[in-house]
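A.B. asks: This is a predicted model, with the sequence first.
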Amino acid sequence: MLPIDEQTETSGDHRLVGTDEREEENSSSALAANPELMANSLGEYLRGWLARVKGGDSGVLPVVAGLLLISILFQTLNSKFLTAGNLVNLLIQGSVYMLLAMGEIFALLLGEIDLSIGFVSGIGGIIAAELVKQKYDWPWWAAIIVALLACAGIGLLQGTIITRVGLPSFVVTLAGLLGWQGVMLLMLGKGGSLPINDKVINDLASGNLTVVASWVVMIVAVGLFALRLWFRDSRRRKSGLVAPPASLTLLKIGAVLVAGIVVVLICTTNRGTLVTIEGVPWVVLIVLAVLAMWTVLLGRTRFGRYMYAIGGNPEGARRAGVNLSWIRTTAFMLASFTAGIAGIIYASRLRSVSTALDGGTLVLYAVAAAVIGGASLFGGRGKPLHAVLGGLVIAAIDNGMGLQGYSAAAKYVVTALVLLVAVTIDALAHRGRSIR
């Protein structure tokens, strides 16, 4: 049996397809699903995009519009919301939600769920904090590597139980939520708290680049993005494959450049009172690095194509020769690995790990962030970018209501309402696609 990208299935009959024919079929299906790809100009592209939005495929438009509305609302209620200091704090606070949501994306893409990642993140933070103690005195990088490998091992264990034993992911990861919480309490012992004395690990969430380094990193990052996007789209146009018009490619590059300039301007504004605090926080670069890494993995590799294939049609993917067990197990392993990154950032921000870590709430926020951002609970649709945008929404709600002095109960209620709206939109869009 050949891999899924080397054959197609029609009416239950497997037939081999050559490279040229396969490209033609992929292009045809892409054009049918995305009429704007046929555009030769920016105007035609926008008209095709509007037609797709009217058809129910709105992409990240709802969450972007939601972010704008939330920002306007809280800025109207409190003029401090859009200040440089508060926006940077919002990014730092939301980083844990974004990272956990990016981990949850791997499960949601398969139509599964991982309820354990909140406490798995705590395990990662504890291991890193324990290894850098004076008792062991490990270098920070070695402690982080071991912590992330341990978290990946947890995901591998849970994924193996799900795929080999055939238990539902909800049950296995719910057991993981309870079990790893107990393990975390045992590791912390009677003291209930484990401080982090390593400066590098503490600086992951609280440290900043210098102003000059902030601008240099932004220019290099945008430059690499621009080169990759331009050459990719140009190569596809020259090969006769579907690709956006050159004007749209330039518009995307310009938009990313403007966004980068705005972020750096905000971060390099002095937000200190007694001392000068300026520069892009390290944690922002960490989130962007994870976003780039998982975006490439899911969007440009065979593993990513298999993930979407399984989420969209597991039986079809299985008949095409995809190893479902291996892909699903790897997905849960990557979810826990990403949770480990989030746990280290969480511990870095607090400079300690304690029993106060509420893994249950964290995992619910992670699922909510992914769904609010645009990932589907039905599987087969979602991107790491959706997790980041959803994490920003949750962080903005939490931050804005905190500025207004609202209680935690009010924050939960509002977040729940936003989640219900996002799930409703997802369900209606899924129903619309099924009808078509």
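C.D. replies: Structure's in. What do you need? Numbering: from 1, shown residues only.
A.B. asks: Could I get the contacting residues of the spatially most central residue of the chain?
C.D. replies: Closest to where the C-alpha atoms of the chain average out (C-alpha atoms, centre = their mean) is residue 102, at 2.7 Å. By C-beta atoms under 8 Å, 6 or more residues apart in numbering, residue 102 lies in contact with 290, 291, 294, 338, 370, 384, 387, 388. Quick note: C-beta positions are derived from backbone N, CA and C, even for glycine.
A.B. asks: go with 7 Å
C.D. replies: Contacts for residue 102 (C-beta atoms under 7 Å, 6 or more residues apart in numbering) come out as 290, 291, 294, 338, 384, 387.
A.B. asks: Now it: closest residue in space, sequence neighbours ignored.
C.D. replies: In space, and not counting its chain neighbours, residue 102 is closest to residue 387: 4.3 Å by C-beta to C-beta, 6 or more residues apart in numbering.
A.B. asks: got it, and residue 382?
C.D. replies: residue 375 is the one closest to residue 382 (C-beta to C-beta, 6+ apart), at 3.1 Å.
A.B. asks: element containing the one you found?
C.D. replies: Under the criterion DSSP states H and E, no helix or strand holds residue 375.
A.B. asks: now it: how far from residue 262?
C.D. replies: Separation of residue 375 from residue 262 (C-beta to C-beta, to the nearest Å): 26 Å.
A.B. asks: With residue 394 instead?
C.D. replies: Distance from residue 394 to residue 262, by C-beta to C-beta: 21 Å.
A.B. asks: Between these two, point out the one with more neighbours.
C.D. replies: Legend: neighbour count by other C-beta atoms under 10 Å for residue 394 and residue 262, higher for residue 394 (24 against 11).
A.B. asks: So, low pLDDT: which residues of the protein?
C.D. replies: Along the chain, the parts satisfying pLDDT under 70 run over 1-42, 44-45, 47-59, 425-436.
A.B. asks: coming back round to it: and the furthest pair within the contacts of residue 102?
C.D. replies: 291 and 338 (10.7 Å; C-beta to C-beta).
A.B. asks: out of these two, which sits in the more crowded spot?
C.D. replies: residue 338 (32 against 18).
A.B. asks: The more buried one: which element?
C.D. replies: helix 324-350.
A.B. asks: Am I right that the residue nearest to residue 102 falls within a helix?
C.D. replies: Yes. Membership of residue 387 in a helix is supported by DSSP: H, G, I helix; E, B strand; the rest coil.
A.B. asks: how about residue 396, what does it touch?
C.D. replies: 67, 70, 71, 90.
A.B. asks: how much space is there between residue 383 and residue 286?
C.D. replies: Residue 383 is 19 Å from residue 286, by C-beta to C-beta.
A.B. asks: who has more neighbours, those two?
C.D. replies: Neighbour tally, residue 383 and residue 286, criterion other C-beta under 10 Å: the higher count belongs to residue 383, 23 against 20.
A.B. asks: what are the phi and psi angles of that one?
C.D. replies: With angles defined as degrees, to the nearest 10, residue 383 sits at phi -140, psi 160.
A.B. asks: Residue 159 now?
C.D. replies: In terms of degrees, to the nearest 10, the main-chain angles of residue 159 are phi -60, psi -40.
A.B. asks: do you know how far it is from residue 325?
C.D. replies: Distance, residue 159 to residue 325, by C-beta to C-beta: 9 Å.
A.B. asks: What segments of the stretch 151-300 of the chain are strands?
C.D. replies: Assigned strands in the stretch 151-300 of the chain, in chain order: 193-195 (criterion: DSSP state E, counting those that start in this stretch).
A.B. asks: wait, I meant the stretch 301-436 of the chain
C.D. replies: With strands called from DSSP E, counting those that start in this stretch, the stretch 301-436 of the chain shows them at 352-354.
A.B. asks: which one of residue 159 and residue 325 has more residues nearby?
C.D. replies: residue 159 (29 against 14).
A.B. asks: residue contacts, residue 252?
C.D. replies: residue 229.
A.B. asks: Would you mind measuring from it to residue 245?
C.D. replies: 11 Å.
A.B. asks: Quick check: the residue nearest to residue 382 touching residue 388?
C.D. replies: No. With contacts counted by C-beta atoms under 7 Å, residue 375 stays clear of residue 388, the gap being 11.2 Å.
A.B. asks: so what's in contact with these two at the same time?
C.D. replies: Residues touching both residue 375 and residue 388 by C-beta under 7 Å, 6+ apart: none at all.
A.B. asks: who are the neighbours in contact with residue 130?
C.D. replies: Contact partners of residue 130, counting by C-beta under 7 Å, 6+ apart, are residue 194.
A.B. asks: ok, now with 10 Å
C.D. replies: Contacts for residue 130 (C-beta atoms under 10 Å, 6 or more residues apart in numbering) come out as 136, 138, 143, 146, 147, 187, 188, 194, 196, 353.
A.B. asks: One more: residue 390?
C.D. replies: 60, 63, 66-67, 94, 97-98, 101-102, 104-105, 365-375, 418-419, 422.
A.B. asks: So which of those sit within helices?
C.D. replies: 63, 66-67, 94, 97-98, 101-102, 104-105, 365-373, 418-419, 422 (DSSP state H).
A.B. asks: Tell me how far residue 110 lies from residue 307.
C.D. replies: Using C-beta to C-beta, residue 110 is found at 7 Å from residue 307.
A.B. asks: sorry, back to before: narrow the contacts of residue 396 to those in helices?
C.D. replies: Among the contacts of residue 396, the residues falling in helices (DSSP H) are 67, 70, 71, 90.
A.B. asks: Tell me who's in contact with the second one.
C.D. replies: With C-beta under 10 Å, 6+ apart as the criterion, the residues that contact residue 70 are 81, 392, 393, 396, 397, 399, 400, 414, 418.
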